[in-house]
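In: give me coordinates for this.
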Amino acid sequence: MARDTGFGIICGNYPEYVITAGGKDIRFEMHPYCGPMPVSKTGAGLSLGPNHPFWGAVTRWSQQGGKVDDNGKCIWRRK
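Out: Predicted structure coming up:
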């Protein structure tokens, strides 16, 4: 599927996840080469600054095995 993410067109159908970071649920797709990409509910790309809590959360989630609960939310620990 081709999708205009706001960062250009990305083709593919990648897994979509939800992670809680900075007190908010953030949806993202996990691309096998480019890594995580935050998206809106409509699938449009979100521009999150480099210091946004999402980046630390998704890094820790990945380092901790990329687990997801029964509701489809990412499971991660701060430390």
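In: and the closest residue to residue 67 other than its chain neighbours, how close does it get to residue 28?
Out: With CB to CB, 6 or more residues apart in numbering as the criterion, residue 67 has its nearest non-adjacent residue at 4.4 Å, and that residue is residue 75. For the C-beta atoms, the positions are set from N, CA and C on the backbone; glycine is no exception. Distance of residue 75 to residue 28, given as CB to CB, to the nearest Å: 15 Å.
In: so which residues of the protein form helices?
Out: 53-63 (DSSP state H).
In: just the pLDDT for residue 7.
Out: Note for residue 7: predicted pLDDT of 53.
In: adjacent strands (with direction) for the longest strand anywhere in the chain?
Out: Of all segments of type strand in the chain, defined using DSSP state E, the longest is strand 24-31. Here strand 24-31 has these sheet partners by DSSP bridges: strand 16-21 (antiparallel), strand 35-39 (antiparallel).
In: and the first one, how far from the chain's centre?
Out: So that's strand 16-21. 6 Å (CA atoms, centre = their mean, to the nearest Å).
In: for the nearest residue to residue 16 once chain neighbours are set aside, give the beta-bridge partners.
Out: Nearest residue to residue 16 in three dimensions, chain neighbours excluded: residue 29, at 5.3 Å (CB to CB, 6+ apart). Beta bridges link residue 29 to residue 16, residue 37, judged by DSSP bridges.
In: residues contacting residue 29?
Out: 14, 15, 16, 17, 36, 37, 39 (CB atoms under 8 Å, 6 or more residues apart in numbering).
In: what do you get if the cut-off is 7 Å, keeping everything else the same?
Out: Residues near residue 29 by CB atoms under 7 Å, 6 or more residues apart in numbering: 14, 15, 16, 37, 39.
In: out of these, which are buried?
Out: 14, 37, 39 (16 or more other CB atoms under 10 Å).
In: closest to residue 70 out of those?
Out: The closest of the buried ones among the contacts of residue 29 to residue 70 turns out to be residue 14 (CB to CB; 21.2 Å).
In: thought that closest one was touching residue 27?
Out: No. Contact criterion CB atoms under 7 Å: residue 14 and residue 27 do not qualify, at 11.9 Å.
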